[in-house]
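Trainee: Predicted coordinates and the sequence they were generated for:
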Amino acid sequence: MRDRDRIAEIAADYGEDLGRDPKGEPGLPSKLRERGSELMGRRSGVALAMLADLREVYTMAAGVSVDWEMLAQAAQGIKHQDLLAVCQRCHPETLRQMRWANGKLKEASTQILVS
């Protein structure tokens, strides 16, 4: 059983229906790319799109990291060891994703925005 399915199952025990995966706002990346191109004038649209996408990955991972922290705190509060174990297993992967996206942003930002 996948961890997200296990979380949904645990939530159901508490009367919550998590339903399907949430969908992000589909137009946001394209809006960011468009606005970035306007602000930067001659900068490559593809390069700015990559920065916008990396920024979105980082921001989303940061939000998920906070969610794991809150869920782990709740699991500790209700003494639900299974849910706490899922949080402890999954949160490090989210932190790894944040570090990766942050590193890529640092690597690309100066080259793209200054050149």
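Mentor: Received, thanks. Numbers count the residues shown, from 1 in each chain.

Trainee: where do the helices sit along this protein?
Mentor: 3-13, 28-40, 45-77, 81-114 (DSSP state H).

Trainee: worst-scoring helix or strand of the chain, pLDDT-wise?
Mentor: helix 28-40 (a mean of 58; mean pLDDT, DSSP states H and E).

Trainee: rewinding a little: in terms of mean pLDDT, which of the helices of the chain ranks lowest?
Mentor: Lowest mean pLDDT of the helices of the chain: helix 28-40, a mean of 58.

Trainee: quick one, which of the helices of the chain is nearest to residue 19?
Mentor: helix 3-13 (8.2 Å; CB to CB). Any C-beta I mention is one placed from the backbone N, CA and C, and that applies to glycine too.

Trainee: by contact count, what packs against that closest one?
Mentor: helix 81-114 (3 or more CB pairs under 8 Å, 6 or more residues apart in numbering; DSSP states H and E).
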